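*Asks:* sequence unknown, structure follows:
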C-alpha cells in the first residue's frame with residue numbers, strides 16, 4: 001500500500017490535470033502490450049496499433065528498445081515521465097534530454113536491480129544515444145497515441161466533470177474521497193492500493209492527479225519521493241456491449257437522434273449533467289431521459305460514468321462537433 005500524507009497546505013494544492021500526459025500514456029500503453037488484464041477495454045486500439053507499428057517498421061524498436069525500459073513490475077525510471085510533459089509531448093521530451101547524466105545512471109541501476117535493464121541502457125547517459133531514444137519515443141507516440149487523442153481527451157474531460165462535482169459538493173475531502181476504487185481517503189492520508197508498501201509525505205508540495213486512459217488496475221506514482229508528487233490513476237472504462245445492437249450498422253443509432261428532445265439533451269450535456277438534470281432540462285421522465293442517453297451513447301456522442309448514486313454524462317469529441325455544427329447552422333439561418 002502507498003500512503004500519501006497530506007498537511008493542510010497540501011490540501012490546498014491538489015490539482016487534476018486538464019489533459020492527458022503524453023509520457024504517462026506512453027508508459028501505460030506499453031504496459032498494455034505486456035499484460036492481458038483489461039485487454040477487452042483496449043481491444044480495438046491493441047489490434048489497430050499493433051498493425052500500425054508493424055506497418056511502419058516500428059515493432060522491433062518497441063520490442064527491443066521501449067519495452068525493456070518500461071517493464072511490468074514495481075519500478076521504471078522516473079526520468080521517463082518528467083512533470084514538464086504536462087505542457088505537451090515536446091516539453092516532456094526536452095525534459096528527458098535535459099536530465100543530468102548522473103541521475104539517468106542512478107535510475108537505470110535501480111531498474112537493473114529490480115527487474116533487469118538491457119545492457120545498452122547505460123548509453124542513455126550520453127547525449128546522442130538519448131536523442132535517438134527520444135526520437136523513438138516521439139515516433140511511437142505518433143503511431144500509437146496521437147491517432148486516438150480525441151478519444152482519450154473525451155475520457156479525461158468526463159473524469160474531470162466527475163472530479164469537479166465532487167469538489168463542489170464536498171471540497172478537497174470530497175474530491176479525494178471520490179477517487180476509488182483503488183484509493184481510500186482517511187484524512188489526512190490517502191491510501192492507495194500499490195505493488196509495494198511505502199509512505200509519501202507531501203510536506204506542503206501538494207499533489208498532481210493525472211488521469212490516464214491506458215492506466216489499468218491501479219494508480220502509479222514516482223519512485224523518488226523528492227520529485228514533485230504525482231499520482232497517475234486509471235480512468236473508468238465502460239464494459240463492452242454484447243447485445244445484437246452492437247453488430248448493427250452505426251447509421252441506425254445516428255438516425256434515431258432526430259428529434260427535439262434528444263437535441264435538448266445533447267445540448268444540456270455540454271457541461272456535464274446527470275440523468276435527472278437532463279430529464280428536467282428536456283421536460284421528460286428520468287426513465288425517458290435514460291433511454292435517450294442510451295441512444296446518444298450508442299451513437300458515440302456522449303460517455304457516461306457513475307458518480308455516487310447518479311450517472312454523469314459528458315460529450316465525446318464527436319458529440320461536441322455535432323453540437324457546434326448545429327449552432328453554426330442556426331447562426332447562418334439567423335444571418
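*Replies:* Thanks, I have the structure now. This structure is a prediction, so every number in the text was calculated from the model and none was measured.
*Asks:* residue 11 against residue 174, yeah?
*Replies:* No: with contact defined as Cβ atoms under 8 Å, residue 11 does not count as touching residue 174 (11.5 Å). The way it works is simple: take the backbone N, C-alpha and C, and place the C-beta from them, glycine included.
*Asks:* show me the contacts for residue 95.
*Replies:* 82, 83, 84, 85 (Cβ atoms under 8 Å, 6 or more residues apart in numbering).
*Asks:* nope, residue 312 is what I was after
*Replies:* 158, 161, 162, 165, 272, 273, 274, 304, 305, 306.
*Asks:* about what we covered before: now the contacts of residue 95: which count as buried?
*Replies:* Buried subset of these (neighbour count, 16 or more other Cβ atoms under 10 Å): 82, 83, 84, 85.
*Asks:* what about the helices in the stretch 101-250 of the chain?
*Replies:* For the stretch 101-250 of the chain, the helices defined by DSSP state H, counting those that start in this stretch cover 101-114, 127-144, 149-177.
*Asks:* just those: most buried one?
*Replies:* helix 149-177 (a mean of 18; mean count of other Cβ atoms under 10 Å).
*Asks:* dump the buried ones among the contacts of residue 95 into TSV; add distance to residue 71 as well.
*Replies:* Below are the buried ones among the contacts of residue 95 laid out as TSV (distance: Cβ to Cβ, whole Å):
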residue	distance to residue 71
82	19
83	22
84	23
85	20
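*Asks:* just the closest of those to residue 108, please.
*Replies:* Of all the buried ones among the contacts of residue 95, residue 82 has the smallest distance to residue 108: 15.6 Å, by Cβ to Cβ.
*Asks:* residues contacting that closest one?
*Replies:* Residue 82 touches 23, 92, 95, 96, 99, counting by Cβ under 8 Å, 6+ apart.
*Asks:* what's the weakest-modelled helix or strand in this structure?
*Replies:* The weakest-scoring helix or strand in the chain, judged by mean pLDDT, DSSP states H and E, is helix 251-255 (a mean of 43).
*Asks:* any buried residues in whichever helix or strand comes after that helix, and which?
*Replies:* Counting by DSSP states H and E, the next helix or strand C-terminal to helix 251-255 is helix 260-268. Across helix 260-268, burial judged by 16+ other Cβ under 10 Å covers 261, 262, 264, 265, 266, 267, 268.
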